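**Q** Return atomic coordinates for the entry below.
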Amino acid sequence: MKRQPGIKKALSLIDLAKHSIGTQQAHDAYKLHLQQLLEEYDLATTQLERVEQEVADVLKQIPFAKQLLAIKGISDITLAGILGEAGDLSGFAHGNSLLRHAGLHLVEASSGKWKGQVVISKRGRSRLQRFLYLATMSLVMNNPEFKTLHAINERRRK
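**A** You can find the predicted model right below:
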C-alpha cells in the first residue's frame, strides 16, 4: 500500500478540511488575534536580542571571558550563565571544585560493610549544573578535541 503523500492527497485533505472543521464566523477576530500573537513574538524577539547584546557587552568587561569565548562551542549565553552562577572562576583551585560547587561530583553511598554505587551527588546549584551540561554538550558536538575526549571516555565507560 502506497503511503507517500502527493498532490492528489493534499488537495483531498484541503477539501475535507474546508467542510469538516473550523467555523465560518469571526474570521476578522481570528485575524486580529493572529496579528496580536505575531506582534508579541516580534516584541519578545527584540527584547531577547537586547538582552543578548547586554550580556555580550558585560562579558567584554570580564578579563578572562575573551579566552573562554575563543573555545569553539562556548557561546556568550552559556558562559554568562556559568559565570553568573559560579562567580569568579579564579576562586576555584581546580576544576573538580567547580564540579563540587555545582553538585556534579561523584559520591558513594556506603555504610559499614555495605557498599553502594558511585553516583553524581546532585547537591549543588541546579542552574550551574544545567549550564555546565549544556556547555559540555555543545563542546562535544562542535569541538573536535572534546569530541575525541568524549569518545575515549565512552570507550572506558566513565
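**Q** now this protein, which segments are flagged as low pLDDT?
**A** Within the chain, the segments meeting pLDDT under 70 span 1-3, 21-24, 158.
**Q** which residues in it form strands?
**A** Using DSSP state E, the strands found in the chain span residues 106-111, 114-120.
**Q** who wins for proximity to residue 60 among these?
**A** Between residue 60 and the strands of the chain, the tightest spacing by C-beta to C-beta is seen for strand 114-120, at 34.0 Å. Using the backbone N, CA and C atoms, a C-beta is placed for each residue, glycine as well.
**Q** helices and strands around that closest one, which ones?
**A** The contact analysis (3 or more C-beta pairs under 8 Å, 6 or more residues apart in numbering; DSSP states H and E) places strand 114-120 against strand 106-111.
**Q** now the strand it packs on, how far from the centre of its chain.
**A** With C-alpha atoms, centre = their mean, to the nearest Å as the basis, strand 106-111 stands 30 Å off its chain's centre.
**Q** Would you list the strands that it pairs with, along with their directions?
**A** With DSSP bridges as the test, strand 106-111 is paired with strand 114-120 (antiparallel).
**Q** measure the closest residue to residue 142 other than its chain neighbours to residue 124 for me?
**A** Distances taken as C-beta to C-beta, 6 or more residues apart in numbering place residue 73 nearest to residue 142, at 3.9 Å, with adjacent residues excluded. Plainly put, residue 73 is 23 Å away from residue 124 if you go by C-beta to C-beta, to the nearest Å.
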